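Q: got a structure for you, letters missing:
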């Protein structure tokens, strides 16, 4: 034995056969030493796996053998192909033709011969007038529109009964305004509904004093309540009950119509 082989033999290598025998003998002689089995050498755990795999392969082989079919090679002759066309009977239907509608009746025109004489004569009248006929002019009556003057621009203010004694125009104008307010206040009747509801305010009434001193065109210029407005209208219309009446306003010494607006102050006390 060479030196190299001796050294290799002396080196401990458990995979060598004589080392395995040594360990087996040592385990038999020594009861305290446990006998261990290599997991790689244990085939008991894989026994069931191998069995199932073999069974599965066997089943596949049996299934293929059962399903396998063999076909005989047969050459068939199709012969000649004949096409047969079925002739169908075509039924021709004839539509009933409706008779054309009768032509519309024609109007019969009676031709009048030229020999027939017309009895009616056309009379032409002249629209021209002769020189002997007189043309009367049409008179247009123009309605005279009476001018209504305002209290501010009229020359002579109206005179209220009792103000005649005033010395000048300014004094009579102030007397007129004072007396007419006093008359309306005395004749104003406060509506019961407005009194219960507590309605009050100032109503403006417009009217015209005509040439004869009467009062007309009495209207509400600005109202507060329908009940108060109506009461103010009635109070102003009572001026027509004056005796003597109001003397009308004058312009250039002639009586004229004059417009006037007065406030009626309705207050609860």
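A: Yep, that arrived. Computed from a prediction, not measured in an experiment: that's the story for all the values here.

Q: Mind jotting down where the strands sit in the chain?
A: 148-150, 201-209, 215-222, 249-251, 254-266 (DSSP state E).

Q: The third one pairs with which strands, and in what direction?
A: So the one you mean is strand 215-222. Within its sheet, strand 215-222 is paired with strand 201-209 (antiparallel), according to DSSP bridges.

Q: same question, the last one
A: Its sheet considered, strand 254-266 pairs with strand 148-150 (parallel), strand 201-209 (antiparallel), strand 249-251 (antiparallel) by DSSP bridges.

Q: Dump the ones you listed to TSV, plus mean pLDDT and mean neighbour count.
A: Placement of C-beta: from N, CA and C, glycine included. Converted to TSV, these look like this (pLDDT from 0 to 100; neighbours: other CB atoms under 10 Å):
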stretch	mean pLDDT	mean neighbour count
strand 148-150	94	14
strand 201-209	96	19
strand 249-251	95	19
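
Q: need the strands of the chain in TSV with distance to residue 181, can you?
A: Formatted as TSV, the strands of the chain follow (distance: least, CB to CB, whole Å):
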stretch	distance to residue 181
strand 148-150	18
strand 201-209	12
strand 215-222	15
strand 249-251	18
strand 254-266	7
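
Q: Nearest to residue 177 among those would be which one?
A: strand 254-266 (8.2 Å; CB to CB).

Q: Identify the residues contacting that closest one?
A: For strand 254-266, contacts defined as CB atoms under 8 Å, 6 or more residues apart in numbering pick out 146-151, 154, 158, 180-181, 184, 188, 190, 194, 200-212, 221, 224, 228, 231-232, 235-236, 248-250.

Q: go again using 7 Å as the cut-off
A: Strand 254-266 is contacted from outside by 146-151, 154, 158, 180-181, 184, 188, 190, 200-211, 221, 228, 232, 235, 248-250, using CB atoms under 7 Å, 6 or more residues apart in numbering.

Q: where does the protein dip in pLDDT?
A: For the chain, applying pLDDT under 70 flags the ranges 1-45, 69-98, 104-144.

Q: Domains in it, by residue range?
A: The chain resolves into domains spanning 1-37, 148-266 when parsed by automatic domain parsing.

Q: one step back: could I get the strands paired with strand 254-266 in CSV, plus columns for distance to residue 165?
A: As requested, the strands paired with strand 254-266 are exported to CSV (distance: least, CB to CB, whole Å):
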stretch, distance to residue 165
strand 148-150, 25
strand 201-209, 20
strand 249-251, 18
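
Q: Select, out of these, the one closest to residue 240.
A: strand 201-209 (10.2 Å).

Q: Identify, by residue count, the longest helix of this protein.
A: Longest among the helix segments of the chain by residue count, using DSSP state H, is helix 47-67.
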